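Peer 1: okay, predicted coordinates and the sequence, questions at the end:
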Amino acid sequence: MKVIEEKLRAGMTRNGILGEAQEQIIQSITSFALYGFPESHAASFALIAYASAYLKCHYLAAFTAALLNNQPMGFYHPATLVKDAQRRGLKVLPMDVMRSDWKCSLETVGGGQWRVASNSDLVPGVENIALRLGLKYARGLREPAGQALVRERSLSPFVSVQDLARRVPELRKDELTTLAEIGALNSVGSGRGPVDSAGLNKESVSLATGLPTGSFHRRDALWQVERAVRRSGPLFDELPEIDGGSPLAAMTYEERLVADFRATGMTVGPHPMQYRRAEMERMGIYRASDLSKLPHGQRLRIGGCVIARQRPGTAKGMMFMSLEDETGIANAIIHPDLLQKNRVLLVSERFVMVEGILQNQDNVIHVRAEKVSPLRVTQAETVSHDFH
């Protein structure tokens, strides 16, 4: 910039542009250079944005799987990507040692069975393609152990947790425990775990009680892991044995959320805010999806899980916060004085309520915050993309 400025000044001087006029021109160009994009950068970004939007619209399952399989990348955390895809109609299936590959994969319903989707299945508008969460999202699970599991399963299905532990000795106890905690072992063994009409294996949960409604749950799997890692000796190790239940109570929805976020960084089940929606309504907190229907200037409350905090250097000290609930994302503007008074809350709380004035103009929607408060929703360790 310095070299360009010297040439520009020399040229303006030769053409009689001097003094204040010259300084104003230099100042304008210098200021723009702090944030302006070169044309080549803008053109390449536009192409990437268009291609991404097209793929997301027409091939949502494949697009989401590609994003998840190439993390870390981009702006949003995988948990946010999954919830956004689910709101757009994509079925995201839980991690399952009987079906998950190391990476996230696509499955499609055919004849009541789940099968891996081929390229010919990826037709725009097809609704029966689902995304299966990959084993790579089980924190602490080493890739060699995960790949060994997939290879052994391809030879023959596992009939019990004990069978899994015996045939995949690469799996450590802590890795088996993690898989049990997130429900990835629920389907091991014939007839275990609730299966819906599409053949989907998942732990069905009542929103009213927060308890699993199936016969084999995560704590049953944890019980079987403790049993499986205690070898019974060569005489009995080879005998197939179906897993039974346990005397342990099933996890509540809160315990499931805590386990999901601790071990995978996300949940493919209901959003934490969905469990507390009745309570949010009593507090007068609007859903994110409600905001577009409300008039500009209305005073209201929004609340949700903080997924992003931004404070650009050009924003004059303001902070921008994105709050996610089960219906979408709401954006709040935090002015410097409010940020100063509530700094610890605003930079550390995972769930926040914002009270302020709705600004709804030309499809640009946000809330100008006047008051902020913490929300007690869950102890799950949700994550946000902050100050990048």
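Peer 2: Thanks, I have the structure now. Numbers count the residues shown, from 1 in each chain.

Peer 1: what are the ranges of the helices in the stretch 1-150 of the chain?
Peer 2: The residue ranges that make up the helices of the stretch 1-150 of the chain, judged by DSSP state H, counting those that start in this stretch, are 2-14, 19-33, 39-58, 60-69, 78-87, 143-155.

Peer 1: between those, which one is nearest to residue 106?
Peer 2: Distances from residue 106 to each of those were compared using Cβ to Cβ; the shortest belongs to helix 60-69, at 5.3 Å. Bear in mind the C-beta positions are built from the backbone N, C-alpha and C, glycine included.

Peer 1: using CSV, write out every CA atom in the closest one.
Peer 2: Once side chains and other backbone atoms are set aside, the C-alpha atoms of helix 60-69 remain, and they are given as CSV (Å, rounded to 0.1, in the frame of the first residue of the first chain):
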residue,chain,number,x,y,z
LEU,A,60,-28.5,-31.7,1.5
ALA,A,61,-27.5,-35.1,2.9
ALA,A,62,-24.3,-35.4,0.8
PHE,A,63,-23.4,-31.7,1.4
THR,A,64,-23.8,-32.0,5.2
ALA,A,65,-21.8,-35.3,5.3
ALA,A,66,-19.0,-33.7,3.4
LEU,A,67,-18.9,-30.8,5.8
LEU,A,68,-18.9,-33.1,8.8
ASN,A,69,-16.2,-35.3,7.3
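
Peer 1: now that helix against helix 78-87, angle please.
Peer 2: 180 degrees (axes from the mean of the first three to the mean of the last three Cα atoms, to 10 degrees).

Peer 1: now helix 60-69: buried residues?
Peer 2: The neighbour-count criterion (16 or more other Cβ atoms under 10 Å) identifies 60-65, 67-68 as the buried residues of helix 60-69.

Peer 1: so what secondary structure elements neighbour that helix?
Peer 2: The contact analysis (3 or more Cβ pairs under 8 Å, 6 or more residues apart in numbering; DSSP states H and E) places helix 60-69 against helix 39-58, helix 78-87, strand 105-110, strand 129-132.

Peer 1: what's the mean pLDDT across it?
Peer 2: Average pLDDT, helix 60-69: 96.

Peer 1: hey, what's the angle from that helix to helix 39-58? Just curious.
Peer 2: Computed by the same axes, to 10 degrees, the angle between helix 60-69 and helix 39-58 is 120 degrees.

Peer 1: which SS state does residue 309 fall under?
Peer 2: strand (DSSP: H, G, I helix; E, B strand; the rest coil).

Peer 1: centroid residue for the protein?
Peer 2: Central residue of the chain (Cα atoms, centre = their mean): residue 79, 0.9 Å from the mean position.

Peer 1: could you pull out the strands for the protein?
Peer 2: If you assign secondary structure with DSSP state E, the strands in the chain sit at 91-93, 105-110, 113-116, 129-132, 285-286, 299-310, 319-325, 328-334, 351-361, 364-374, 385-386.

Peer 1: so which elements touch the fourth one?
Peer 2: Here strand 129-132 touches helix 60-69, strand 91-93, strand 105-110, going by 3+ Cβ pairs under 8 Å, 6+ apart.

Peer 1: run the chain-centre distance for the second one.
Peer 2: Relative to the chain's own centre, strand 91-93 is displaced by 12 Å; criterion: Cα atoms, centre = their mean, to the nearest Å.

Peer 1: pLDDT of that strand, averaged?
Peer 2: Confidence for strand 91-93, expressed as mean pLDDT, is 94.

Peer 1: what's that strand in contact with?
Peer 2: Taking Cβ atoms under 8 Å, 6 or more residues apart in numbering as the criterion, the residues outside strand 91-93 that touch it are 64, 82, 85-86, 99, 107, 130-133, 200, 202, 268.

Peer 1: with the first one instead?
Peer 2: Helix 60-69 is contacted by residues 52, 55-56, 73-74, 78, 81-82, 85, 88-90, 92, 103-106, 117, 122, 129-131, 133-134, 136-137 when judged by Cβ under 8 Å, 6+ apart.

Peer 1: try 6 Å
Peer 2: Residues external to helix 60-69 that are found in contact with it (Cβ atoms under 6 Å, 6 or more residues apart in numbering): 55-56, 78, 81, 85, 88, 90, 103-104, 106, 122, 129, 131.

Peer 1: ok, so of these, who is nearest residue 378?
Peer 2: When the contacts of helix 60-69 are ranked by distance to residue 378 (Cβ to Cβ), residue 78 comes first, at 18.0 Å.

Peer 1: show me the contacts for the closest one.
Peer 2: Residue 78 makes contact with 68, 71, 266, according to Cβ under 6 Å, 6+ apart.

Peer 1: now, among those, which is nearest to residue 160?
Peer 2: Each of these was checked against residue 160 using Cβ to Cβ; the closest is residue 266, at 27.8 Å.

Peer 1: what residues are up against that closest one?
Peer 2: The neighbourhood of residue 266, defined by Cβ under 6 Å, 6+ apart, consists of 78-79, 82.

Peer 1: try residue 288
Peer 2: With contacts taken as Cβ under 6 Å, 6+ apart, residue 288 has the following neighbours: 325, 327-330.

Peer 1: the residues you listed into TSV, with extra columns for pLDDT?
Peer 2: Output for the contacts of residue 288, formatted as TSV (pLDDT from 0 to 100):
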residue	pLDDT
325	96
327	96
328	95
329	96
330	96
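
Peer 1: JSON lines for these, including distance to residue 24?
Peer 2: Below are the contacts of residue 288 laid out as JSON lines (distance: Cβ to Cβ, whole Å):
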{"residue": "325", "distance to residue 24": "47"}
{"residue": "327", "distance to residue 24": "48"}
{"residue": "328", "distance to residue 24": "44"}
{"residue": "329", "distance to residue 24": "40"}
{"residue": "330", "distance to residue 24": "40"}
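
Peer 1: now list the buried members of the residues you listed.
Peer 2: If you count burial by 16+ other Cβ under 10 Å, the buried members of these come out as 325, 327-330.
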